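> coordinates for the following, if possible.
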Amino acid sequence: MKKGQIEMIGLVLVVLLLLVGALFYLRFSFSPSTSVSSPSDLDVVRASNLLVALSHLSLSCKEEREEVSSLLVRCAHGESFCGVSSCSYLEEQLDPLIRGLGFRDYFFWVVFEDDTFFHLGACSLGIEPGTYTLFAENERYEAHFRICEL
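This is a model prediction of the structure:
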């Protein structure tokens with residue numbers, strides 16, 4: 001073989017390798033990703049983080065300022081905040097906040113001594129990250145959050 005023919009074969013091999021590499025790139029760049037976190041895992045993390053954030057969120061009315069966790073305790077004991085029932089105040093403040101974060105259909109409820117005394121939303125099936133436990137005055141409260149539709 002002549003030197004020119006050998007160079008041409010080398011060039012064809014390089015072009016073929018580039019084409020195969022490009023095909024692999026296209027194949028794997030357009031296929032669905034199999035990442036470690038599926039969307040449902042991310043939703044569980046979002047819901048779990050929301051529970052923690054809600055418990056530390058401070059709400060204010062006029063001169064009064066209380067964390068949601070304290071307002072939930074007041075709600076369980078039938079106490080008022082800002083001239084209205086603590087439960088009613090929490091409903092008016094939390095529902096728009098949770099919906100504003102992108103949770104359209106959800107269920108948020110709090111249990112004290114096996115009794116659900118506060119709830120928002122009303123879906124029955126969805127993703128639930130578990131419970132967030134609040135302790136106040138030697139009493140245990142469990143907050144739950146379920147995402148039903150984003």
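
> check which residues of stretch 124-135 are buried.
Across stretch 124-135, burial judged by 16 or more other CB atoms under 10 Å covers Gly126, Ile127, Pro129, Tyr132, Leu134. Backbone N, C-alpha and C define where each C-beta goes, glycine included.

> how far does that stretch sit from the chain's center?
11 Å (CA atoms, centre = their mean, to the nearest Å).

> check what contacts it and list those residues.
Here stretch 124-135 makes contact (CB atoms under 8 Å, 6 or more residues apart in numbering) with 40, 43-45, 47-48, 51-52, 55, 69, 72-73, 105-107, 110, 140-149.

> hmm, 6 Å instead?
40, 43-44, 47-48, 51, 69, 141-144, 146-148 (CB atoms under 6 Å, 6 or more residues apart in numbering).

> would you map the strands across this protein?
In the chain, the strands defined using DSSP state E lie at 58-61, 64-67, 80-81, 84-85, 105-112, 115-121, 131-136, 139-149.

> tally of neighbours for the closest residue to Leu101 other than its chain neighbours?
Nearest residue to Leu101 in three dimensions, chain neighbours excluded: Leu50, at 6.9 Å (CB to CB, 6 or more residues apart in numbering). Leu50 has 22 neighbours, counted by other CB atoms under 10 Å.
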